[in-house]
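Engineer: Got a sequence here, can you model it:
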Amino acid sequence: MTDFLVFFIRLFFTILTWAILIRILLSWVRMDPYHPIVRILDQITEPVLAPARRIIPPIGGLDFSPVIVIIVLNILERILLQALF
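Structural biologist: This next block holds a predicted model:
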């Protein structure tokens, strides 16, 4: 059971981190906001990024909230995995 939880936690955080990274890369390329891939990435990442954007405003036109969210996700993953062991 513990192996399954470890696998699920790692998979969840890996997918979320990659979704945020892909969204960052796609923001540099002007893609149609109605494209299915962009919409799926928005649906996956926006619930995590929106609260961070309210706390951390863009600085000089750059949005640093994805970087902060990735760091927080990494810390949260480590805490959850430590709690299992």
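Engineer: and the next element down the chain from the top helix by length along the chain?
Structural biologist: For the chain, the longest helix by residue count, based on DSSP state H, is helix 2-28. Later in the chain than helix 2-28, the nearest helix or strand by DSSP states H and E is helix 36-55.
Engineer: Please name every helix or strand in contact with that following helix.
Structural biologist: helix 2-28, helix 65-84 (3 or more Cβ pairs under 8 Å, 6 or more residues apart in numbering; DSSP states H and E). Where you see a C-beta, it was placed from the backbone N, CA and C, and this is true even at glycine.
Engineer: May I have it exported as PDB, CA atoms only?
Structural biologist: Output of helix 36-55 as PDB, limited to C-alpha atoms (Å, rounded to 0.1, in the frame of the first residue of the first chain):
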ATOM      1  CA  PRO A  36      -7.200  21.900 -26.800                       C
ATOM      2  CA  ILE A  37      -3.700  21.400 -25.400                       C
ATOM      3  CA  VAL A  38      -3.700  25.000 -24.000                       C
ATOM      4  CA  ARG A  39      -7.100  24.600 -22.500                       C
ATOM      5  CA  ILE A  40      -6.100  21.300 -20.800                       C
ATOM      6  CA  LEU A  41      -3.000  22.800 -19.400                       C
ATOM      7  CA  ASP A  42      -5.000  25.800 -18.100                       C
ATOM      8  CA  GLN A  43      -7.500  23.500 -16.400                       C
ATOM      9  CA  ILE A  44      -4.700  21.500 -14.800                       C
ATOM     10  CA  THR A  45      -2.500  24.400 -13.700                       C
ATOM     11  CA  GLU A  46      -4.800  27.400 -13.000                       C
ATOM     12  CA  PRO A  47      -6.100  26.100  -9.700                       C
ATOM     13  CA  VAL A  48      -2.600  26.000  -8.400                       C
ATOM     14  CA  LEU A  49      -1.200  29.100 -10.100                       C
ATOM     15  CA  ALA A  50      -4.100  31.500  -9.400                       C
ATOM     16  CA  PRO A  51      -3.600  31.700  -5.600                       C
ATOM     17  CA  ALA A  52       0.100  32.200  -6.100                       C
ATOM     18  CA  ARG A  53      -0.600  35.100  -8.600                       C
ATOM     19  CA  ARG A  54      -2.800  36.800  -6.000                       C
ATOM     20  CA  ILE A  55       0.100  36.700  -3.500                       C
END
